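[1] Have a look; sequence and predicted model below, questions after that.
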Amino acid sequence: MNFLNPDWPAPPGVRAVFTTRQGGVSAAPWDSLNLGDHVGDVPAQVAANRALLAQASGAKPVFLQQVHGSAVMPLDGNTPNGLQADAAITSQRGIACTIMVADCLPVLITDTEGSAVAAAHAGWRGLAGQQGSGVLEESYESFRALAHKGRAQAAINTIAWLGPCIGPTAFEVGAEVRAAFVDNDPAAAACFTTAASGKYLADLAGLARLRLQALGITQIFGNDGSPAWCTVGDASRFFSHRRDTGLRGNGFGTTGRMAACIWLE
């Protein structure tokens with residue numbers, strides 16, 4: 001199967017993958033490895049694609065009902081699919097924290113000891129959160145409590161990987177999105193440029209890096225905002241809600257979902 005394997009210094013026993021749209025059984029427009037069960041695809045084909053992911057990874061992926069919030073779900077062997085949350089954590093082996101995306105940013109977290117793993121769904125709403133605290137802050141606090149018993153120095157041992165997302169030349173947003181970040185952190189202004197339309201172009205991965213750095217996490221790998229990471233710009237490899245909504249003009253973004261997974265072997 002055509003997966004992206006994170007290039008980061010994860011310790012032995014920590015595994016992670018990011019799926020592409022290639023290698024599954026779904027027909028167009030969900031072709032072919034669509035993992036989303038909420039986008040109109042045939043349920044049996046989604047189930048077959050999820051089975052392919054489980055077989056290829058050797059882990060049990062647990063899929064969430066993501067709502068662009070900041071709730072974090074602890075996972076164990078009995079956790080069913082479909083619980084509402086936008087992040088997951090676990091210290092149990094063989095259980096994959098799994099985040100579905102089609103433009104939003106997936107963030108994977110572990111530490112140099114391989115004590116636990118976490119995955120977060122960082123669209124702009126979940127990333128911004130409330131009063132400067134969103135899904136990454138909640139994910140890190142839950143991860144720190146699980147892996148390091150809440151110790152403050154845990155940040156120096158934590159490593160994060162940012163997966164593909166809508167890139168900074170494609171993510172046009174309104175002034176309210178910029179204000180949601182800049183009002184809480186003036187440094188976030190550097191992640192916005194003025195678009196020809198008068199709106200703004202946002203660097204979602206750059207905003208996530210700022211949030212992680214503010215938590216004391218300095219070992220951050222993956223998406224650097226360059227074109228190779230942009231889901232909109234590579235239709236052969238990536239699903240993109242914004243790109244495919246524009247192409248189809250249906251307002252619903254008929255497209256599939258990819259997944260970022262992280263687990264302990």
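    It's in. No experiment lies behind these values; they were computed from the predicted model shown. Numbers count the residues shown, from 1 in each chain.
[2] surely Asn49 meets Gly36?
    No - between Asn49 and Gly36 there is no contact under Cβ atoms under 8 Å: 9.3 Å. For glycine as for every other residue, the C-beta is placed from the backbone atoms N, C-alpha and C.
[3] Tell me which of those two has more neighbours.
    Legend: neighbour count by other Cβ atoms under 10 Å for Asn49 and Gly36, higher for Asn49 (27 against 23).
[4] State the pLDDT value of that one.
    Asn49 carries a pLDDT value of 98.
[5] Then the one 5 residues further on?
    pLDDT for Ala54: 97.
[6] and it, how many neighbours?
    For Ala54, the count of nearby residues is 14 (other Cβ under 10 Å).
[7] residues in contact with it?
    Ala54 sits next to Lys60, Pro61 when contact means Cβ atoms under 8 Å, 6 or more residues apart in numbering.
[8] In the stretch 151-265 of the chain, what residue spans correspond to strands?
    158-162, 172-173, 192-194, 200-202, 219-222, 258-264 (DSSP state E, counting those that start in this stretch).
[9] whoops, the stretch 1-150 of the chain was the one
    For the stretch 1-150 of the chain, strands defined by DSSP E, counting those that start in this stretch occupy the ranges 3-4, 14-19, 60-63, 72-74, 87-90, 95-101, 105-111, 117-122.
[10] sorry, back to before: okay, the strands of the stretch 151-265 of the chain, which one's buried deepest?
    strand 258-264 (a mean of 26; mean count of other Cβ atoms under 10 Å).
[11] That one versus strand 117-122: what angle between them?
    On the basis of axes from the mean of the first three to the mean of the last three Cα atoms, to 10 degrees, strand 258-264 is oriented at 160 degrees to strand 117-122.
[12] what about strand 258-264, distance to the chain center?
    9 Å (Cα atoms, centre = their mean, to the nearest Å).
[13] Ok, stretch 257-265 next?
    Distance, centroid of stretch 257-265 to centroid of chain: 10 Å (Cα atoms, centre = their mean).
[14] Also stretch 143-158?
    Counting by Cα atoms, centre = their mean, stretch 143-158 comes out at 21 Å from the chain centroid.
[15] Roughly how far does Ala187 sit from Ala259?
    Separation of Ala187 from Ala259 (Cβ to Cβ, to the nearest Å): 31 Å.
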